[in-house]
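Engineer: below is the structure, and that's it, no one-letter string:
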Ligand code: PEP
Ligand code: MG
C-alpha cells in the first residue's frame, strides 16, 4: 500500500524515482589497544581488498552506463587504496602504537586530508574528498557496516536523509539525483536554499515519518505540494507522470520571459536579481535572465575547507562573478558565519544561542584581520563590474559606522599602494534584525541601499528559530507585523533617495511579490529558478493598484486573512 508523507515544499518540481537512504555521518573510531598488531594489519589488508572489490564493481557499472570519463573517479579511488602514504603508513602505525586498524587509518587519513585541503591547488583539494570517501569505505568494512556514499549513485534517485548539510547538498550528483527528502529543516534552512539554486525538487521537515523509507522504495516526490508518496499505486504513477509533464510544459512557457525587462503592467521598472552561494550558481543565474545578483553569500567560500581563503583567492572569485554579470549589479555580502553556518577551523567557543551570538558583522568586527582581507579582495575586484558591498546583521548604527571606517581605511591603503578602486562602489546593509528595521530612517542616511533579509527578520521578530520545524508555523512572511516592518524599511530608504531590496526568501514568494511591489520595493533577489515566474507575475500587476491593496493588507489581523485577500485579488485579475 502506498503511504503519503507531507513536509515543507522547499524547492519546486516533480520527481519519480527509487529512494536512496543516506546514512548519517560516520562516527570517529575509538582507539583500542591490540595484542596482536600483525593480525590487526591483516584485518586492514582484508578490508582494503573488500573496499577495492566494491569500488571496482561501481566502476564497471559506471563505465557501462556513463562511459569512461565518469568512471575515472573510481579508478582514482582504486589507485588511492594502493597509496603507500595512506596504507603503508597506517600499517606502520598499527605496529608502532599497537592500536586498532580503524583508528590508525582514521588518524593517518585525517592528516592527509588536512594537508590536501590547505593546498592552493583546486585539484589537490578535491582529492581530499576522495581520501575521505575511500577511508570511510574501508572503515565501514572494518566495522562491518554497509557504506553508503553519494558517489555510488548510478541510477535516477531520490535521496532520503535525516538532514543534509550545505556541503552534502553541494556535492550531489545532479546526473542521478532527482530530488531529496529530509526529516528536518525548513524552507529557509541552507539545504533548502541550495536545492532551489540547483533547481532540484526537495521536501524537507517531514519529521520522523521519512525514517521508514528504505533504499529501493519507489517514490513520487511532489515538491510543489510538499508531498512524498512512498510505493505508489499504478494509478498514482500514471497521474504523476502526467503532472510531471505538465509541470515541465509550464517551465517551458516561463522560458519565454528570459530576455524581457522586469516591468509592471503600469510601466514601473524593478530589478529581479538572484541569490548565489558561489560561482557554480552563475550558470543558472544567467540562464534565467536575472537582472543582477542581489546576494552573494560569501560564507560558502570559507566553508568545507580547513583554512581561510586568501585575499588572492577571494579576489579572483569576486572578479569572476563581476565579469560574468557584465555590468549588472552584484551585491556581495561580507562573511555571515555563525548561526547554522559553522567554520570549524575558526574554533569559536560554543554558544548557548548561536543565532543570537557572535555571528556575521559582530564576528568580523571582532576578528578584524579576517574582515580586512575580505574587504581588500572586494575593493580590488570593484574595478571589474558594478559592485555593491553589503554588511549582514547590522543591529545598530555603531556597527555600520565601524564597518565603514574599516572599509575606508582599506580603500585608502590600496589607493596609496597604487591600486584602483571603483568610484561607483555602493555600500549597503542587510535589514534582518527588528531593531534595524524600526530605526531604518536613522540607518538610511549612511548607506546606499538596504536589502531586507526576511529569513532572519522573521525569525527574530517572531522569536522562532528558523531551523526548528516545531515552530515553523511562525514563519509568517505575510503576517501584518512583518509587512509593517517591511513598509518601515522601504519608506525610510525611499525618503532618503536610497533603493530598497529584499534578499530573504519572501522576495521570491508569488503571494508576497504583489504586496512588496505595492509597498515600493525596488529590487527582489531570489533563487535563480524563481526569477522567470516572478517576471511573468510582475508583468501582470499594476504597482499603483497594489499600493492601495498593500495598505489594506497591512491593516488586517492575521497572515491567513492577508493570504486569502492576495490570492483572491490575483484570481480576479487572471
Ligand atoms: C536572510 O536572513 O534573509 C538572508 C537572506 O540571509 P541568510 O539566509 O543567509 O541568513
Ligand atoms: Mg540572514
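Structural biologist: Thanks, I have the structure now. Since this is a predicted model, take the numbers as computed values, not measurements. Ligands and ions are numbered 1, 2, ... in the order given.
Engineer: what parts of this protein come near ligand 2?
Structural biologist: 432, 453, 456 (Cβ under 5 Å from the ion). In short, each C-beta sits where N, CA and C put it, glycine included.
Engineer: of the residues you listed - the most surrounded one?
Structural biologist: Using other Cβ atoms under 10 Å as the contact criterion, the top neighbour count among the residues of the chain next to ligand 2 goes to residue 453, which has 28 neighbours.
Engineer: now that one: phi and psi?
Structural biologist: Taking degrees, to the nearest 10, you get phi -100, psi 90 for the backbone angles of residue 453.
Engineer: contacting residues around the closest residue to residue 570 other than its chain neighbours?
Structural biologist: Once flanking residues are discounted, residue 570 sits nearest to residue 514: 6.8 Å by Cβ to Cβ, 6 or more residues apart in numbering. Each residue near residue 514 by Cβ atoms under 8 Å, 6 or more residues apart in numbering is listed here: 537, 541, 546, 549, 550, 566, 569, 570.
Engineer: go again using 10 Å as the cut-off
Structural biologist: Contact criterion Cβ atoms under 10 Å, 6 or more residues apart in numbering gives 264, 537-538, 540-543, 545-546, 549-550, 553, 566-567, 569-570, 573 as the residues in contact with residue 514.
Engineer: host element of it?
Structural biologist: Using DSSP states H and E, residue 514 falls within helix 513-519.
Engineer: who does the next helix-or-strand element following that helix pair up with?
Structural biologist: Following helix 513-519 in sequence order, the next helix or strand is strand 523-526 (DSSP H and E). Each strand that pairs with strand 523-526, with its direction, by DSSP bridges: strand 271-276 (parallel), strand 499-502 (parallel).
Engineer: elements contacting the top strand by length along the chain?
Structural biologist: Identified as the longest strand of the chain according to DSSP state E is strand 14-22. If you count contacts as 3 or more Cβ pairs under 10 Å, 6 or more residues apart in numbering; DSSP states H and E, strand 14-22 packs onto strand 157-161, strand 177-182, strand 201-204, strand 218-222, strand 227-230, helix 234-255.
Engineer: right, is the helix holding residue 514 up against ligand 1?
Structural biologist: No: judged by Cβ under 6 Å from any ligand atom, helix 513-519 stays clear of ligand 1, getting no closer than 13.6 Å.
Engineer: what sits against residue 532?
Structural biologist: When the contact criterion is Cβ under 10 Å, 6+ apart, the partners of residue 532 are 251, 253-258, 260, 272, 287-290.
Engineer: of those residues, keep whichever come out buried.
Structural biologist: A residue is treated as buried here by neighbour count (16 or more other Cβ atoms under 10 Å); on that basis the buried members of the contacts of residue 532 are 254, 257, 272, 288, 289, 290.
Engineer: and residue 478, what does it touch?
Structural biologist: 506, 509, 511-512, 515, 553, 556, 558-566.
Engineer: need the phi and psi values for it.
Structural biologist: The phi/psi pair for residue 478 (degrees, to the nearest 10) reads phi -90, psi 10.
Engineer: what about it, distance to residue 548?
Structural biologist: 17 Å (Cβ to Cβ, to the nearest Å).
Engineer: same check, this time on residue 407
Structural biologist: 40 Å.
Engineer: neighbour-wise, which of those two wins?
Structural biologist: Looking at residue 407 and residue 548 with other Cβ under 10 Å, you find the greater number of neighbours at residue 407, namely 21 against 11.
Engineer: near ligand 1, which residues of the stretch 451-574 of the chain?
Structural biologist: By Cβ under 6 Å from any ligand atom, the residues of the stretch 451-574 of the chain that approach ligand 1 are 453, 454, 455, 456, 503, 504.
Engineer: how about those, which pair is most distant?
Structural biologist: 456 and 503 (10.7 Å; Cβ to Cβ).
Engineer: quick check: neighbours shared by the two?
Structural biologist: 430, 432.
Engineer: quick one on the thing from earlier: closest one to residue 344 among the helices and strands packed on strand 14-22?
Structural biologist: Distance to residue 344, taken as Cβ to Cβ, is lowest for strand 157-161 among the helices and strands packed on strand 14-22, at 20.7 Å.
Engineer: contact partners for the residue nearest to residue 457 when sequence neighbours are not counted?
Structural biologist: Take residue 457 and drop its neighbours on the chain: the residue closest to it by Cβ to Cβ, 6+ apart is residue 432, 4.7 Å away. For residue 432, the contact set (Cβ under 10 Å, 6+ apart) comprises 336, 360, 392-395, 451-461, 503-504.
Engineer: from residue 2, how far off is residue 432?
Structural biologist: Taken as Cβ to Cβ, the spacing of residue 432 relative to residue 2 amounts to 41 Å.
Engineer: among the contacts of residue 478, which one sits closest to ligand 2?
Structural biologist: Taking Cβ to the ion as the measure, residue 506 is the one of the contacts of residue 478 closest to ligand 2, at 12.0 Å.
Engineer: thinking again about what came up before, buried only: go through the contacts of residue 514 for me.
Structural biologist: Judged by neighbour count, with 16+ other Cβ under 10 Å as the criterion, the buried members of those are 264, 537-538, 541-543, 545-546, 549-550, 553, 566, 569-570.
Engineer: how close does the residue nearest to residue 570 sit to residue 528?
Structural biologist: Distance from residue 514 to residue 528, counting by Cβ to Cβ: 21 Å.
Engineer: just to revisit the earlier point, columns distance to residue 33 and mean pLDDT on top of the helices and strands packed on strand 14-22, output as CSV?
Structural biologist: Formatted as CSV, the helices and strands packed on strand 14-22 follow (distance: least, Cβ to Cβ, whole Å; pLDDT from 0 to 100):
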stretch, distance to residue 33, mean pLDDT
strand 157-161, 35, 94
strand 177-182, 39, 94
strand 201-204, 44, 94
strand 218-222, 46, 97
strand 227-230, 46, 96
helix 234-255, 56, 93
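Engineer: deepest-packed of the ones you listed, please.
Structural biologist: Ranked by mean neighbour count, the helices and strands packed on strand 14-22 are led by strand 201-204 with a mean of 29 (mean count of other Cβ atoms under 10 Å).
Engineer: can you list the buried residues in stretch 363-377?
Structural biologist: By neighbour count, and taking 16+ other Cβ under 10 Å as the criterion, the buried residues in stretch 363-377 are 363, 364, 365, 370, 371, 372, 373, 374, 375, 376, 377.
Engineer: select from those every entry located in helices.
Structural biologist: Cross-referencing the buried residues of stretch 363-377 with the helices (criterion: DSSP state H) gives 363, 364, 365, 370, 371, 372, 373, 374, 375, 376, 377 as the overlap.
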